[in-house]
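J.: following is a predicted model, sequence given first.
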There are 2 protein chains.
Amino acid sequence: MRTSIATVSLSGSLTEKLTAAARAGFDGVEIFENDLLASTLTPEEIRARCADLGLTVELFQPLRDIEAVPEEVFARNLRRARHKCELTRRLGAGTVLVCSSVSPQAVNDDALAAEQLSRLADTARDCGVRVAYEALAWGRHVSTYDHAWRIVASAGHPALGTCLDSFHILSRSDDPKDLEGIEDIPGEKIFFLQLADAPLLAMDVLQWSRHYRCFPGQGGFDLAGLLRHVLSTGYDGPLSLEVFNDVFRQAEAAPTAVDARRSLLVLQESVGRARLPAPVIPTGVAFAELVTPDAGPLTALLGALGFTRAARHRRKPVTLWEQGDARILVDTGPAVRRDGTRLAAIGLESPDPAGAARRAEALLAPVLPRRRTPGDTPQDAVAAPDGTELFLCATGSRGLPDWRADFEDTGREPEPAHLSGIDHLALTQPWHHFDEAALFHRGVLGLRAQESVDLADPYGLLRSRVVTNPDGSVRIALTVGAAPTDDTVHAQHIALATGDVVASARRFREAGGTLLPVPANYYDDLAARFEFADGELETYRDLGILYDRDAHGAFRHCYTRTVGRVFFELVQRDDGYRGYGAANAPVRLAAQHTVRALTDG
Amino acid sequence: MRTSIATVSLSGSLTEKLTAAARAGFDGVEIFENDLLASTLTPEEIRARCADLGLTVELFQPLRDIEAVPEEVFARNLRRARHKCELTRRLGAGTVLVCSSVSPQAVNDDALAAEQLSRLADTARDCGVRVAYEALAWGRHVSTYDHAWRIVASAGHPALGTCLDSFHILSRSDDPKDLEGIEDIPGEKIFFLQLADAPLLAMDVLQWSRHYRCFPGQGGFDLAGLLRHVLSTGYDGPLSLEVFNDVFRQAEAAPTAVDARRSLLVLQESVGRARLPAPVIPTGVAFAELVTPDAGPLTALLGALGFTRAARHRRKPVTLWEQGDARILVDTGPAVRRDGTRLAAIGLESPDPAGAARRAEALLAPVLPRRRTPGDTPQDAVAAPDGTELFLCATGSRGLPDWRADFEDTGREPEPAHLSGIDHLALTQPWHHFDEAALFHRGVLGLRAQESVDLADPYGLLRSRVVTNPDGSVRIALTVGAAPTDDTVHAQHIALATGDVVASARRFREAGGTLLPVPANYYDDLAARFEFADGELETYRDLGILYDRDAHGAFRHCYTRTVGRVFFELVQRDDGYRGYGAANAPVRLAAQHTVRALTDG
C-alpha cells in the first residue's frame, strides 16, 4: 500500500517537510493549504520538488464551508473553490479535500448539500481533479462518516467521493458496531483515508483534535479495526497520516517523519498488509553499560553494592561488574561525552539477535555497526530514540556468540551475591519523543507498554511509562519532563532486585555506601496508613526504605546517591507486586532535590 | 481579610514555598500533605518557620476517602484520620480539610456520612482542631457544595463545618441561581474558602482541575459573584488560593506568589474588600523606547520610515525620533544588554502618573526609581512582568511635567508625516507568566484584555492576547510561545498607523527600506477570497501588503525586516476594523523564517 503524510504533520518550511517525508520513505504527501500559502515556490515548483524527491502529491487540503448554503453564498463559495481546484491540478494532486461545513450559513438540508457538492464536482472535473468530502466530528449538520457518505451517494457524481478520517470517526464513537457501515461504501468511492490516533480524553472534540492527535499506535483508538473495514471495501488509495499536536509543531521534522512512517508500518503489519521480519522479544537484560569520565565514584558505589569486578574488555577501557545475574559495564573510553556519568547502553538477551536487528532495520531504527573495533566479536545493536544503544546479545546461550568473549576474567572470587539481577531500568526521554519511544519499544522490540502515570516532582510534573516483556525480566521505565527545559528529569537509574532489601541496604551502608535520606514525616504517614510488625518501621526509617503495596503484594525500595546522571535503586518485590513505587516518587524526587541543594550549596 | 495560599500552588521545597508566600505578603498558608511528607522539617519546625515568616498555618490538607463506608473500613480510616488531626495540631493549623470520598467503598447514604463525619469531628476536637468537609466536583456520591453542607448540617457537630472551593462549585455550574444557596449556610459553619479560577474548557473535570486551574481573574469563572455570596454569610476566614497547573509547577515560586497575591487584591477590590488607589487608565502611547548596541541599522530604518531625529536627551545617549504622534526613543546607553536591539520601555500617557504609580505599587508591581540620573525630570515608572519598563508620563499635558523636558531639539525640520502614530505594540512574554501579564495590564493599568488567539508558526504554536484602553489608543499584544525553548517568539514589534499603507510602503521602499516579501501564493488565495479593484492586488503583491477583513472593515499591513529582536509594521485600519490581522500571522511568521534562513545561510 502507498503511504502518505500531510505536510501539516511536520514542522518547518514546506521544503523541509517534503524532504523529511521523502527521507523517511513516504510515497506521497497531502499538501496543506497554509503550507502552500507560506511557500515561495509556485504550485508547479512544489510539484516538481515532490517529483524530484520521489513523492506523489496525493491531496490538496482543505476546502471548507462550501455546501448547503443559500444560492448567492454558494456562488461565492464556488468561485473560491474553482481557484482551489485549479491549484490542486497545478500541484499535480488528483484530489481536493472538502470538509463538512461548520458555517452558521449552512442549513440542514442533505438534498441541497448533495446538489451543491455535485456542482462543485463539475468544477473539479473541469480542472481534472476529484472532490473527497469528509465529515468533521464537529461539522454543523454533517458530523458522521455515514452521513457524509449518504450525501455523496445521493449526489451520484463520478468526481465526488468521500474521505474517511480515523480521528473524526473514532472520536465520536468507539463502538465497533458503528464502524461496520464503512463496509457498505464501495471502495472506489472512498477517495482518501486519513489516519490519526489520539489518547482517550473526555474533552471538547475540536480541542482534542487540534492539540492531542498522535500517530497510530500511540493513542487509544482501534485503528487496525477501522483499517480492516476500509480495506475490505477494496479501497486502494494511500494510507495518509494527518496528525498535529503541540509537541510535533516544535519537534524537528526529520525524526517526526521517521516516527510517523514507523507507526504506519506497525499498523500495516497488524492488518496483514506489511511483511516485516517477526519481532524477537528480548528474554532478559544482559547488562547495563555506564559511561563515565572518572571511574572512581562508580567503582566505589558498585563495590559497596557488592558487585565484583569480574572481567575486563580485551581491547577497550571497559570493566564488567557482576553480582548474581546483574551485570554492569563501566566504560571510560573515548565515547564519553562531557555530560558525565550516564547510562549509555543496554544489553538485551535475544534468542535471535540477527533477526531482531533485521526487524529493527525494517522499522527504521538506526542500526549500529556490528563491529566497532577490529577484533571485537560482532554484535547487533540499534539506537533507541533517546540515543541509548540497545545491544541484541546472548549470555551463555547455546549456539549464539557470547558477548563476554571480548572480556578477560580478572579471576577475582565473587562475594556472596545478595542482589539477584536488574529489576528495571529507567531512562529519561527527549521531550518531543515520548510517544515515539513507547511505540519504538513496542514495535521494534515487541515489548508491551503499560499506561503512563504522572509523577509530581517539586519542580514539575513527570510522565512515566513502562515497557516490559511478558515475564517481566525486561522492564524499562521511560520518563519525560513536563517541558523541554526541565533539567530535573535527567537522572537515569538502575533498579537492582534483592530478596531482602533490609539486609542489602545494611550491607551497602556497612560497606561505606550512602543511602538517600527519607524525611521522618514520610514514616509517620506510613504508620497511619499501614500496620507494621514491631520495629519494622524503625528499620525502614533508619535505612531510608520506602514502602508500597498493591492488590498483589508489597514493595520495599531505597536509593543510592546520584553519580553524574545515574543512581541505583534496591528493590524487593513480594507476592507479585506489579508496580514501581510510583506513590513514593514525589518523596524520592524531593529528597533528591534536597541532597542536590545541600551538595551544590 | 486575611489572605492565604496553598503550598501546592508554588514550586520547590516547602521552605522555598513558605518564603515566597511570606515575601509576597500573604498572611497564611495551607500546608499540602505531600509537601509535609517530603520535608525534612518536623511539623513543629514547620510551624516555627511559618511563625518566623509571619505566616499562620490556616489549614492542613487533604484527608481523603473517609466517610460513608462500612464500619470496619471506617475504623481503619479513623485511625489514619487521627494521625492527620494530630499532625494538624502539631502544625498549629486549626483546621483539617476532608474531601468528599471518591472511593468505590463509599455508599450513597447521607445519614451514614453524617454519623461518621461526626465521629471524625470528635477525634478532631480531641486534638483541638476542626474538620472542614468539601465536595469534590468528581466526588463519588457528594459532588456539590449544597450536598456537602446538608450532611454537615445534619451532623450538627461544633467541630464540623464545610469548606467551599470555587473550582469545585463553578466547574459544575455557572448558573448564578445555583450559587444562591451559599447564603443559606451560616457564615460560622463555613470553615474555609479556597479560590481558584480556570479557563472555560469543555473537558473531564478532574483533568481540568489538575492541569488548568489559574489565579482569580485569569480564567473565566465569576469569582467575584461567588465571593459576594460567601461574604454575605458573615464568613470571616481567609481567602485562600489553591491553584495548580502544569505551568506553575515549573515556574519559580517567588514571581508566582506575587502574581497570586495580586490576583487576590484585584478580587478583593472587585467586591469592595480592599481599598486600592483607583486605576488611572493610560490615554495613549507617548513613546516606545528601543535599546540597541549599534544605532546604525535603526537609524537607517527610522529614516526610511519617514521619522525625523527631533531631539537628543540632555545627559544620555538617547535620541527621539518623531513622526505625527509616533515617537521612538533610540537608546545606546549602558542599559543595553547583549541580546541586541530590543523594545525595552513604553511611555504611556497618563492623566495622573503619580496615582498610577501608587496603584501599581499597591498591586505589587516593581516601582522603578523616579529619577535615574541627577538632573533628570522625575518620572514614574513600573516594570511589567516581562521586564518592559512602563513610564507613566505626559506629552504636552497642562499641569504635568513633560517627559520631553529632558530632550533638546535638534532643530531639524520634520518631513511631512505619512504615519500618524503607534497603532499597537507587540511584546513577547516569558513562558511561565502569560496569564500573569494579562492580569497585570488589567489590574495595574486598567486595560481591557481581549480573548487569546492561537497563531500557527512553522516551528510551534503561539498564543496572543491583546490589552487595550477604551478608545483603542493603547493596544498591546502579549504573545507567548508554546514552550520555553521556543526561540521563534522573541521578535517584538511596533505597528505604525497610516491612512494609506500603499503610499507609506512605497515611500519606505523608495527611501531604501526593504519590506518583508510575501509569497505569490498568498495573493492567489486573496484573489479567490475577496474582490479587488483592477490593479489593487498587483500593488499589494508588489509591496508585500497583507489584507484582512472583519465585520467592520478592512485591514492592510506590511512589515519591515527585523533589526535585532524588533521589526516595524505599517497598518491601515479602515471602517473600524478591530483585529490585528491574525489570519495572516502564519504567512508573516513563515516569511520571517524564510528571510532569517536566507540571511543565516
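T.: Thanks, I have it.
J.: chain B contacts on the stretch 151-300 of chain A?
T.: Listed as neighbours of chain B in the stretch 151-300 of chain A under the rule Cβ under 8 Å from any Cβ of the partner chain: A:201, A:202, A:203, A:204, A:207, A:246, A:249, A:250. For the C-beta atoms, the positions are set from N, CA and C on the backbone; glycine is no exception.
J.: farthest pair within these?
T.: In these, the most distant members under the criterion Cβ to Cβ are A:202 and A:250, with 25.8 Å between them.
J.: quick one: which of those two has more around it?
T.: Applying other Cβ atoms under 10 Å in any protein chain shown to residue A:202 and residue A:250 shows that residue A:250 carries more neighbours, namely 22 against 12.
J.: say whether chain B is contacted by the lengthiest helix in chain A.
T.: As assigned by DSSP state H, the longest helix anywhere in chain A is helix A:71-91. Yes. Applying Cβ under 8 Å from any Cβ, one finds helix A:71-91 touching chain B at A:79, A:80, A:82, A:83, A:84, A:87.
J.: ok, for the second one, nearest residue in space, not its chain neighbours?
T.: Translated: residue A:80. residue B:528 (4.6 Å; Cβ to Cβ, 6 or more residues apart in numbering or on different chains).
J.: residue A:589 now?
T.: Taking Cβ to Cβ, 6+ apart, and ignoring the residues beside it in sequence, residue A:589 has residue A:457 as its nearest neighbour in space, at 4.4 Å.
J.: who's that neighbour bridged to?
T.: Residue A:457 has these beta-bridge partners by DSSP bridges: residue A:460.
J.: re earlier: can you give the strand pairings for the next helix or strand after the longest helix of chain A, parallel or anti for each?
T.: Stepping forward along the backbone from helix A:71-91, the first helix or strand reached (DSSP states H and E) is strand A:95-99. Applying DSSP bridges, strand A:95-99 is found paired with strand A:56-63 (parallel), strand A:130-134 (parallel).
J.: and the nearest residue to residue A:32 once chain neighbours are set aside, what pLDDT?
T.: The shortest distance from residue A:32 to any residue other than its chain neighbours is 4.0 Å, reached at residue A:8 (Cβ to Cβ, 6+ apart). At residue A:8, the model reports a pLDDT of 95.
J.: now swap in the one 4 residues further on and tell me
T.: According to the prediction, residue A:12 has pLDDT 92.
J.: got it, and residue A:203?
T.: Per-residue pLDDT puts residue A:203 at 88.
J.: that one: neighbouring residues, count only.
T.: For residue A:203, the neighbour count with other Cβ under 10 Å is 16.
J.: from residue B:246, how far off is the nearest residue in space to it that is not next to it in sequence?
T.: Spatial nearest neighbour of residue A:203, chain neighbours left out: residue B:203 (3.4 Å); criterion: Cβ to Cβ, 6+ apart. Distance, residue B:203 to residue B:246, using Cβ to Cβ, to the nearest Å: 14 Å.
J.: residue A:131 now?
T.: The spacing between residue A:131 and residue B:246, counted by Cβ to Cβ, is 41 Å.
J.: swap in residue A:388?
T.: With distances taken as Cβ to Cβ, residue A:388 is found 27 Å from residue B:246.
J.: quick one, which of these two is more surrounded?
T.: residue A:388 (21 against 14).
J.: touching, that one and residue A:345? I think so.
T.: Yes. Residue A:388 is within contact range of residue A:345, at 6.5 Å (criterion: Cβ atoms under 8 Å).
J.: most remote residue from chain A's center?
T.: For chain A, the residue at maximal distance from the C-alpha centroid (Cα atoms, centre = their mean) is residue A:72, at 48.8 Å.
J.: got the confidence number for that residue?
T.: 96.
J.: where do the strands sit along the stretch 501-601 of chain A?
T.: Assignment of strands within the stretch 501-601 of chain A using DSSP state E, counting those that start in this stretch yields the ranges A:546-549, A:554-559, A:566-573.
J.: coming back round to it: closest one to residue B:47 among the strands paired with strand A:95-99?
T.: Between the strands paired with strand A:95-99, strand A:56-63 lies closest to residue B:47; by Cβ to Cβ that is 61.2 Å.
J.: just the angle between that closest one and helix A:71-91, please?
T.: Computed by axes from the mean of the first three to the mean of the last three Cα atoms, to 10 degrees, the angle separating strand A:56-63 from helix A:71-91 equals 160 degrees.
J.: quick one: the closest residue to residue A:586 other than its chain neighbours from residue B:11, how far?
T.: Using Cβ to Cβ, 6+ apart and skipping the chain neighbours, the partner closest in space to residue A:586 is residue A:456 (4.5 Å). From residue A:456 across to residue B:11, the span is 10 Å (Cβ to Cβ).
J.: export only the CA atoms of stretch A:284-297, formatted as CSV.
T.: What follows is stretch A:284-297, C-alpha atoms only, in CSV (Å, rounded to 0.1, in the frame of the first residue of the first chain):
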residue,chain,number,x,y,z
GLY,A,284,16.2,-10.6,29.8
VAL,A,285,18.7,-7.9,30.5
ALA,A,286,22.3,-9.0,29.7
PHE,A,287,23.9,-5.8,31.0
ALA,A,288,23.6,-2.1,31.6
GLU,A,289,26.5,0.0,30.4
LEU,A,290,27.5,3.2,32.1
VAL,A,291,30.0,5.6,30.5
THR,A,292,31.9,7.9,32.8
PRO,A,293,34.8,10.3,32.6
ASP,A,294,36.0,9.1,36.0
ALA,A,295,35.5,5.5,37.1
GLY,A,296,36.3,6.3,40.7
PRO,A,297,32.9,7.2,42.1
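J.: pull out the buried positions in it.
T.: Across stretch A:284-297, burial judged by 16 or more other Cβ atoms under 10 Å in any protein chain shown covers A:284, A:285, A:286, A:287, A:288, A:289, A:290, A:291, A:292, A:295, A:297.
J.: can you map out the helices along the stretch 301-450 of chain A?
T.: Applying DSSP state H, counting those that start in this stretch to the stretch 301-450 of chain A gives helices spanning A:353-362, A:434-445.
J.: of these, which is nearest chain B?
T.: Closest to chain B of the helices of the stretch 301-450 of chain A is helix A:434-445 (Cβ to the nearest Cβ; 13.6 Å).
J.: so how far is that closest one from its chain's centroid?
T.: Distance, stretch centre to chain centre, for helix A:434-445: 5 Å (Cα atoms, centre = their mean, to the nearest Å).
J.: from the contact counts, what lies against it?
T.: Counting contacts by 3 or more Cβ pairs under 8 Å, 6 or more residues apart in numbering or on different chains; DSSP states H and E, helix A:434-445 packs against helix A:253-270, helix A:353-362, strand A:448-449, strand A:460-468, strand A:475-481.
J.: can you show me the CA trace of the fourth one as CSV?
T.: The C-alpha atoms that make up strand A:460-468 are tabulated as CSV, following Å, rounded to 0.1, in the frame of the first residue of the first chain:
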residue,chain,number,x,y,z
GLY,A,460,7.4,20.0,37.5
LEU,A,461,5.2,17.1,36.6
LEU,A,462,6.9,14.0,35.1
ARG,A,463,5.2,11.4,33.0
SER,A,464,6.4,7.8,33.1
ARG,A,465,5.5,4.8,31.0
VAL,A,466,6.9,1.3,31.5
VAL,A,467,7.6,-1.2,28.7
THR,A,468,8.1,-4.9,29.6
